[in-house]
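Asker: sharing a model that was predicted from the sequence below.
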Amino acid sequence: MKVEVYYNLHRHEFSIRHKGKVIGHRRYVALSNVKFAVQPAGRKRVIETGQKCVHAFVRGTLMDYAQIAHLPLDKQVTYNPYKYKSFVNKKDETPVFKSRIAYLFKPTDGKPQIHTGV
């Protein structure tokens with residue numbers, strides 16, 4: 001199933017959207033055929049008003065984590081509307097637009113993370 005996933009600041013977990021409707025919330029999500037999307041108008045609104053809104057998300061095909069558990073997840077990806085126009089590699093800040101797989105998770109006592117690989 002193709003979905004869009006974004007971090008929900010109120011629930012402190014990821015919201016999963018299918019065909020425009022939120023179908024669930026999880027602390028972890030595994031995706032394949034991933035595309036990272038930032039809506040420029042939403043980013044601009046966040047910068048101008050300082051109010052947060054959903055304008056950046058990860059698109060892909062929903063998977064069971066067991067399907068990717070054995071694959072190497074070697075890159076961490078992040079997004080900050082005040083610093084970047086797109087998702088970026090956390091290590092060297094180069095733009096990231098797609099990946100074969102991605103694992104999004106929220107540790108109990110930490111910030112949400114996105115790891116990609118293959």
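Answerer: Yep, that arrived. Numbers count the residues shown, from 1 in each chain.
Asker: list the residues that contact H55.
Answerer: Neighbour list for H55: 38-39, 41-43, 45-46, 81 [criterion: CB atoms under 8 Å, 6 or more residues apart in numbering]. All C-beta spots, glycine's among them, are computed from the backbone N, C-alpha and C.
Asker: go on, F36?
Answerer: Taking CB under 8 Å, 6+ apart, we find F36 in contact with 56, 58-59, 77, 79, 86-87, 96-99.
Asker: what residues are bridge-paired with the nearest residue in space to H18 that is not next to it in sequence?
Answerer: Closest residue to H18 apart from its sequence neighbours, by CB to CB, 6 or more residues apart in numbering: V3 at 5.1 Å. For V3, the beta-bridge partners are G60 (DSSP bridges).
Asker: now do T116
Answerer: Beta bridges link T116 to K75, A102 when assigned by DSSP bridges.
Asker: who are the neighbours in contact with it?
Answerer: Contacts of T116 (CB under 8 Å, 6+ apart): 34, 73-77, 96, 99-103.
Asker: just the buried residues of those.
Answerer: Buried by 16 or more other CB atoms under 10 Å: 34, 73, 75, 77, 96, 99, 101-103, out of the contacts of T116.
Asker: between which two of those residues is the distance greatest?
Answerer: Pairwise distances across these peak at 14.0 Å for V96 and Y103 (criterion: CB to CB).
Asker: sorry, back to before: just the contacts of F36: which are in strands?
Answerer: 56, 58-59, 77, 98-99 (DSSP state E).
Asker: sorry, back to before: who's in contact with the residue nearest to H18?
Answerer: V3 makes contact with 16-18, 23, 31, 59-62, according to CB under 8 Å, 6+ apart.
Asker: ranges for the helices of this protein?
Answerer: Using DSSP state H, the helices of the chain run over 40-49.
Asker: kindly list the longest strand within it.
Answerer: Longest strand in the chain, counting by DSSP E: strand 28-38.
Asker: if anything else comes up later, I'll come back, but that's it for now.
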